[in-house]
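J.: Below are the sequence and a predicted model for it; my questions follow.
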Amino acid sequence: MQHAGFPQHNDKGIKVKLIIATIKPFKLEEVREALTEIGVRGMMVTEIKGFGSQSGHTEIYRGAEYAVNFVPKIKLEIVVNASMADQVVETIVNTARTGKIGDGKIFVLDVAQAVRVRTGESNEDAI
């Protein structure tokens, strides 16, 4: 069902991508600066916990060792024009990589529709 005044779904090819990246928390500012330098105008940042191949670790608290099953991470969500997606991924990889386990993951998804709430602009115009 289409609401009056809202843009139609863009079926002429995917022109907008959502990039979801998990990175180590101490890399956030460096990654943000690198992305700003290549023209990324905004991102959503969430503090998360997760595990992958590193599967947590053990810590000592008050003399007792205990398992930490989830590791703190930062999740970035970045919506960009499809033509920028490869450059954004490359920038995140090059900036976030430490070479140690737990550097993170990046996923690139097609965005069916994007709308700027304030103006009603859609898709590429909304980002």
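T.: Structure's in. What do you need?
J.: Please confirm that residue 77 is located within a helix.
T.: No. Counting by DSSP: H, G, I helix; E, B strand; the rest coil, residue 77 is located in no helix; its state is strand.
J.: Around it, how many other residues sit close by?
T.: Around residue 77 there are 14 other residues, counting by other C-beta atoms under 10 Å. For the C-beta atoms, the positions are set from N, CA and C on the backbone; glycine is no exception.
J.: Next: residue 83.
T.: The number of residues packed near residue 83 is 10, by other C-beta under 10 Å.
J.: For this protein, which helix extends over the most residues?
T.: Counting residues, the longest helix found in the chain (DSSP state H) is helix 85-96.
J.: buried residues in that one?
T.: 85, 88, 89, 91, 92, 95, 96 (16 or more other C-beta atoms under 10 Å).
J.: C-terminal to it, what's the next element?
T.: Next helix or strand after helix 85-96 toward the C-terminus (DSSP states H and E): strand 105-110.
J.: so what strands line up beside that following strand?
T.: Strand 105-110 has its sheet partners listed here by DSSP bridges as strand 16-23 (antiparallel).
J.: Now do the strand it pairs with, average pLDDT.
T.: Mean pLDDT, strand 16-23: 97.
J.: Provide the contact partners of that strand at residue level.
T.: If you take C-beta atoms under 8 Å, 6 or more residues apart in numbering as the criterion, strand 16-23 is touched by 31, 48, 50, 73-82, 84-85, 88-89, 92, 96, 103-111, 114, 123-124, 126-127.
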